[in-house]
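*Asks:* structural data only, the sequence is not supplied:
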């Protein structure tokens, strides 16, 4: 598995990381997660990402792989109260959330904490950034970052106070290529991509329910009508092109893929053996976006 140096943090990260949302929201068992993460670590994955609001995801990770803590970089997020008796984005909430995450993950520190998609207005007040900076000073995290999209992500990058950015980027979500990713690269920030395969939204023949994660991307892909996609098909070939497109973008270091399927990570790793997309193929997808994308096609949470 290819590795890339994660910006100024110096972490040597695998280009595929494990996203912990699905194991929490789908109710995975400890035995399932042990098999899932154990096999991924054995095969070379070394990034595990989770969050305070992914139900029991942090606990599952702590229960199953905390004894292998030296083998992976551990990322989590903070900001949502998620059961704490304080409001979202309150400094007290953030401090309590960080301590709770460490306890759940059975570790004394994480490698990276991202602010979990707070608004630009919250960022501008500065208090949330200060909480993360104090956590870094106390050794609770090695690095700090922002997870989010659009104007808030660009503002976070431009503050110069974050080591890392997590943002959405894929064949149906390309706004970051215009300013956000270049700005992050100019500051040597680490960049982790969420939703790197656009939730494989093209696998649906019919429009998903409006409440589904896939809804917005499905609608965009109908208009983009990429030649390599076939509606209703989630073949390895189409998933491979989509994933390789994301990882071929300048400034991207790792892509987080969520799954509760023990074989899915290995399948995705095999798809990357084809290497980066050819320049012409990358340009074809990018140019199609420029032709079709509408003004409100901004980053999706």
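*Replies:* Arrived safely. Model, not experiment: these values are computed from the prediction.

*Asks:* residue boundaries of the strands in the stretch 1-150 of the chain?
*Replies:* Along the stretch 1-150 of the chain, counting by DSSP state E, counting those that start in this stretch, strands occupy 3-5, 12-14, 16-19, 47-49, 73-78, 110-116, 141-147.

*Asks:* which stretch among the ones you listed comes nearest residue 200?
*Replies:* Nearest to residue 200 among those is strand 16-19; the distance by C-beta to C-beta comes to 13.7 Å. From N, CA and C alone the C-beta is placed, and that goes for glycine too.

*Asks:* the bottom helix or strand of the chain by mean pLDDT?
*Replies:* Among the helices and strands of the chain, helix 264-271 carries the lowest confidence by mean pLDDT, DSSP states H and E, at a mean of 82.

*Asks:* and the helix or strand following it, how far out from the chain middle?
*Replies:* The helix or strand immediately downstream of helix 264-271 is helix 279-292, counting by DSSP states H and E. The chain centroid and the centroid of helix 279-292 are separated by 23 Å under C-alpha atoms, centre = their mean, to the nearest Å.

*Asks:* dump the strands of the stretch 1-150 of the chain into a markdown table; add mean neighbour count and distance to residue 199 as well.
*Replies:* Formatted as a markdown table, those follow (neighbours: other C-beta atoms under 10 Å; distance: least, C-beta to C-beta, whole Å):
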| stretch | mean neighbour count | distance to residue 199 |
| --- | --- | --- |
| strand 3-5 | 15 | 24 |
| strand 12-14 | 20 | 21 |
| strand 16-19 | 26 | 12 |
| strand 47-49 | 26 | 16 |
| strand 73-78 | 27 | 19 |
| strand 110-116 | 25 | 19 |
| strand 141-147 | 24 | 17 |
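
*Asks:* so can I have a markdown table of those strands showing distance to residue 254 and mean pLDDT?
*Replies:* Below are those laid out as a markdown table (distance: least, C-beta to C-beta, whole Å; pLDDT from 0 to 100):
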| stretch | distance to residue 254 | mean pLDDT |
| --- | --- | --- |
| strand 3-5 | 7 | 97 |
| strand 12-14 | 5 | 98 |
| strand 16-19 | 5 | 95 |
| strand 47-49 | 5 | 98 |
| strand 73-78 | 9 | 98 |
| strand 110-116 | 11 | 97 |
| strand 141-147 | 12 | 98 |
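
*Asks:* make CSV out of those and add distance to residue 155.
*Replies:* Shown next, in CSV, are those (distance: least, C-beta to C-beta, whole Å):
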stretch, distance to residue 155
strand 3-5, 25
strand 12-14, 25
strand 16-19, 24
strand 47-49, 22
strand 73-78, 18
strand 110-116, 12
strand 141-147, 9
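
*Asks:* out of the ones you listed, nearest to residue 175?
*Replies:* Closest of those to residue 175 is strand 141-147, at 15.5 Å (criterion: C-beta to C-beta).

*Asks:* residues in contact with the helix or strand that comes right after that closest one?
*Replies:* Following strand 141-147 in sequence order, the next helix or strand is helix 150-159 (DSSP H and E). Contacts to helix 150-159, defined as C-beta atoms under 8 Å, 6 or more residues apart in numbering, come from residues 115, 117-120, 123-124, 129, 146, 148, 162, 165, 167, 175-176, 179-180, 183-184, 187, 189, 298-299.

*Asks:* in ChimeraX, how would I select just the buried ones from the residues you listed?
*Replies:* Listed next is the ChimeraX selection for buried residues among those, using 16 or more other C-beta atoms under 10 Å:
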select :115,117,118,123,129,146,148,162,165,167,175,176,180,183,184,189,299
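
*Asks:* of the contacts of helix 150-159, which belong to helices?
*Replies:* Counted as lying in helices by DSSP state H, out of the contacts of helix 150-159, are 120, 123-124, 129, 180, 183-184.

*Asks:* looking at those, spot the one nearest residue 280.
*Replies:* Distances from residue 280 to the ones in helices among the contacts of helix 150-159, taken as C-beta to C-beta, are shortest for residue 180 (24.6 Å).
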